[in-house]
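**Q** let's see this in three dimensions:
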Amino acid sequence: MTAVLETEETPRVDKPDDGVFVTLRETPRAVKALLLGGFISRLAAFIQIYLVLFLTDRGFSATQAGLALGVYGGGAVVGSLAGGSLSDRLGARAVTLISMGGSAVLIVSILYAPTYAMLLAAVFMVSTIGQFYRPAAQTLLTELTPRHRVVMITAMYRLGLNLGMTAAPLIGAALLSFSYNALFWGEAAAALAFGAIAMFALPGRTVRVKKEQEATEQPEPQGRSGYLAVLADWRYSVYLVAMLLTSIVYCQYTATLPLDIAAAGISLWWYGAAVSLNGFIVITCELAMTKVVQKWPIRLTALLGLGLVSVGYAIYAISPLPIWFMVGTLVWTLSEIIGGPTTFAYPALAGPERLRGRYIGAMQSVFGLGTAIGPVIGTLVWFQVGRSVWLWAALVSAVATVAGLIGMQNQNPDRSEEPQTAAASAT
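**A** This is a model prediction of the structure:
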């Protein structure tokens, strides 16, 4: 069993094949396709980065551009919820095709929207439909991966996303040197490329899913379905609270940290250095750390993975000196490489298989919500209390850690470790 599914009563059996290269070599083709597709999707994720510049270049005000960016964030939250539900109903392949094909068309439509209202609608739909694939991808990764390897596969998936996000601004800037048309058509082409990968490499519904559909003629015992069934799992609901609070605090490095550094009269070079330190460590060290962390009990992973965020931000509060900004960043970066893969893999393993997509979608939606509202909350608090914002952030993160310790534990210890067999048909 993975660390995610351990309890105190269930001793872990060591697996000799948990390493990075063995795991990747023995991974099914469909999983490798999803790893590649996730990388491509982030490699060409230009809209969120350049949307504000695009709109101001077209003559819209900064307020209108900011509103459009907020609409984009709202669409991502809705898309995660809808994608989780669709994944449970239609399967990962169908949802990915809908997501990539639909977003490719809608991305281009932003260029030709005749009014601001239609442009906002296009932005919302791009974000919503483009987000469908994420719960579907995590669902299929889990179904086709042995349970003791799910955390490692999730770490590989995160690595692809992080590499893509690192390169996207540079590629986007190169395309932008030609025109905004090249930028948007480039992202649409990347979406179509991922769609083609999904069409030819991903399986149809798994055999398990088809058998479940045949067996669901009787109503649910509790009378709940969909996201109501997810919320009825009180421990998982507590976990969702932990993820919401963590995401609100975590994203303060993108908004509050540069404000604090500038207010202290320190060169913003140090902000760039702190962000670069985070990115370098995550990209180069997370897989190696995951090889160790995946063997840990879930409570230890939650304690360190969530708790070090609190410690790191508390260090920021010591003094507005570059050394403390760098040390604090190093500490909360350790929390990311320790806890990131496990906490992001957990939703796929926590609930009933028939609700797997919804469990994933719920987590991704609350994390996206926290990321969207976190910078607003953080900057407002910073303007009110100044550097004490870091103590408040540390306190909220500590609450999130307690919630994580309560919510993250084995929910279904009797489930098989074996991956599900894919249906022969790719329909």
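**Q** list the contacts of the closest residue to residue 38 other than its chain neighbours.
**A** Residue nearest to residue 38 in three dimensions, not counting chain neighbours: residue 160, with 4.8 Å by C-beta to C-beta, 6 or more residues apart in numbering. For every residue, glycine as well, the C-beta is placed using N, CA and C. By C-beta atoms under 8 Å, 6 or more residues apart in numbering, residue 160 lies in contact with 35, 36, 38, 39, 42.
**Q** can I have the buried ones of those as a PyMOL selection?
**A** Here is the PyMOL command that selects the buried residues among the contacts of residue 160 (16 or more other C-beta atoms under 10 Å):
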select buried, resi 35+38+39+42
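**Q** mind listing what the residue most central in space within the chain touches?
**A** Taking C-alpha atoms, centre = their mean, the centroid of the chain lies closest to residue 364, which sits 5.9 Å from it. Residue 364 sits next to 80, 83, 84, 131, 134, 135, 347 when contact means C-beta under 8 Å, 6+ apart.
**Q** looking at these, which two lie furthest apart in space?
**A** 131 and 347 (15.2 Å; C-beta to C-beta).
**Q** which one's more surrounded, these two?
**A** Shown here are residue 131 and residue 347; by other C-beta atoms under 10 Å, residue 347 has more neighbours (29 against 25).
**Q** where in the protein is pLDDT low?
**A** 1-18, 205-225, 410-427 (pLDDT under 70).
**Q** and it, what are its domains?
**A** Split into domains by automatic domain parsing, the chain comes to 1-209, 226-413.
**Q** residue 237 is in contact with residue 407, isn't it?
**A** Yes - the pair residue 237 / residue 407 is scored as a contact, 7.4 Å apart, by C-beta atoms under 8 Å.
**Q** of these two, who's got more company?
**A** Neighbours per residue, other C-beta under 10 Å: of residue 237 and residue 407, the larger number sits with residue 407, 22 against 15.
**Q** next up, the contacts around the more buried one.
**A** When contacts are counted by C-beta under 8 Å, 6+ apart, residue 407 is found next to 235, 236, 237, 238, 239, 240, 241, 242.
**Q** against residue 246, how distant is the second one?
**A** Separation of residue 236 from residue 246 (C-beta to C-beta, to the nearest Å): 15 Å.
**Q** and these two? which has more neighbours close in?
**A** Shown here are residue 236 and residue 246; by other C-beta under 10 Å, residue 246 has more neighbours (28 against 23).
**Q** before we move on, the earlier item: doesn't the residue nearest to the centre of the chain fall inside a helix?
**A** Yes - Residue 364: assigned to a helix according to DSSP: H, G, I helix; E, B strand; the rest coil.
**Q** list the buried ones in the helix or strand harbouring residue 376?
**A** In this structure, residue 376 sits in helix 356-385 according to DSSP states H and E. Neighbour-count burial for helix 356-385, with 16+ other C-beta under 10 Å as criterion, is recorded at 356-375, 377-378, 381-382.
**Q** tell me the contacts of residue 247?
**A** Residue 247 touches 366, 367, 368, 369, 370, 371, 374, counting by C-beta under 8 Å, 6+ apart.
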